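Enquirer: Predicted structure and sequence below. I'll ask about it afterward.
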Amino acid sequence: MTEEIPEIQAAQPSAMDHFWLETARSVSKESIAALEDAAKQLISITSLTQGIYFAAISFSDLKKALVVHDWEGWLLVFLFASPIILWFISLRFAILVFKPETYKTNLQSPDLAKEMLQDIVAYKHRQLKFAYKALLVGFFLLVVNIIVYLGCIPQVATK
């Protein structure tokens, strides 16, 4: 006894289906540019923040107040340098978004073209996420530094 396989009838896509498919296509085409724009903004913000922080430390009495003869002094130096270190790390990852890579693909194969685009977007997105995380941790440490500076540095200066 042979079973008949029923013929599958596909429903006609609605106007909303067409809208969402077209929206997904345009987002896919613009995803690399959007990631690169975000990286450019992150580079600008990080560079500006580093400059302001460095100027603030340069013009403050922090260097006079720090006593670097013991481990506590070195800990404070590391604490005050840590935001800059993290912001450099953030810059590194943001710049990697623009790093040229070679991708092998066959433009006659939609599957390979799709895979290549997904690989590019995933790489850029991963680098951008690392950059944002380093930037945010740097800002957290900046707040810690402000608290330490306002609360503890005058005590260190009077030792």
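Expert: Nice, thanks for sending it over.

Enquirer: just checking, what packs against the longest helix belonging to the chain?
Expert: In the chain, ranked by residue count with DSSP state H as the criterion, the top helix is helix 15-59. In terms of contacts (3 or more C-beta pairs under 8 Å, 6 or more residues apart in numbering; DSSP states H and E), helix 15-59 is packed against helix 71-96, helix 110-151. C-beta here means a position set from N, CA and C on the backbone, and glycine is covered the same way.

Enquirer: And the average pLDDT for that helix is what?
Expert: The pLDDT scores in helix 15-59 average 87.

Enquirer: what angle sits between it and helix 110-151?
Expert: Relative orientation of helix 15-59 versus helix 110-151 (axes from the mean of the first three to the mean of the last three C-alpha atoms, to 10 degrees): 30 degrees.

Enquirer: Please work out how many residues are found near Ile147.
Expert: Residues near Ile147, counting by other C-beta atoms under 10 Å, number 10.

Enquirer: ok, and the closest non-adjacent residue to Leu42?
Expert: Once flanking residues are discounted, Leu42 sits nearest to Ala94: 4.5 Å by C-beta to C-beta, 6 or more residues apart in numbering.
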